[in-house]
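S.K.: build me a model from this:
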Amino acid sequence: MDRGNCVSSSGVVGNGIASEFGDLTGLTRQEVNNFLHGFGAKVKISEGGYVEYKFPDNSKIIIRPDGEVVRIPAPRYDSDGKNINKGLRLGKDGSLLPTRDRFGNPIVNTHNTGERVSD
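M.R.: Here you go, the predicted structure:
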């Protein structure tokens, strides 16, 4: 399958491989599997039915059993080696979604972007 023809748009880039392509909504699980393998993803399936695609840069795509897609950016570290983007998620266009406000409080509804694959 041609990676360029699989999704409707390109991603915003800059947050790892998981940000390099657009919305996966409407694709089947098999189409997504084939597509993500083209980016070098390694697959791990949990007992609960979650499918994790981990890319060489450690960014991830997780597909929940209901088809919901979760994108995790590639880790970034400060000069002391601390992960500075831990806990952040990516939107369906690959852009960073803040999950906490400036005081460290969770921001509501940042974990569901509406991106969903079909069976």
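
S.K.: and the pLDDT at residue 2?
M.R.: Looking at residue 2, its pLDDT reads 42.

S.K.: ranges for the helices of the chain?
M.R.: Counting by DSSP state H, the segments of the chain that form helices are 29-37.

S.K.: pLDDT weak spots in it?
M.R.: 1-13 (pLDDT under 70).

S.K.: spatially central residue in it, please.
M.R.: residue 71 (1.9 Å; CA atoms, centre = their mean).

S.K.: any idea how far the closest residue to that residue other than its chain neighbours is from residue 60?
M.R.: Leaving aside its sequence neighbours, residue 71 sits nearest to residue 90 (CB to CB, 6 or more residues apart in numbering; 3.6 Å). C-beta here means a position set from N, CA and C on the backbone, and glycine is covered the same way. Distance, residue 90 to residue 60, using CB to CB, to the nearest Å: 10 Å.

S.K.: tell me, what's touching these two both at once?
M.R.: Both residue 90 and residue 60 are contacted by 18, 71-72, under the criterion CB atoms under 8 Å, 6 or more residues apart in numbering.

S.K.: what is the nearest of those residues to residue 95?
M.R.: For these, the closest approach to residue 95 (CB to CB) belongs to residue 71, at 9.7 Å.

S.K.: next up, the contacts around residue 68.
M.R.: Residue 68 touches 112, 115-116, counting by CB under 8 Å, 6+ apart.

S.K.: and those, which are buried?
M.R.: 115-116 (16 or more other CB atoms under 10 Å).

S.K.: which residues does the closest residue to residue 39 other than its chain neighbours contact?
M.R.: Excluding its sequence neighbours, the residue lying closest to residue 39 (CB to CB, 6+ apart) is residue 17, at 5.2 Å. Residue 17 makes contact with 39-41, 55-57, 59, 74, according to CB under 8 Å, 6+ apart.
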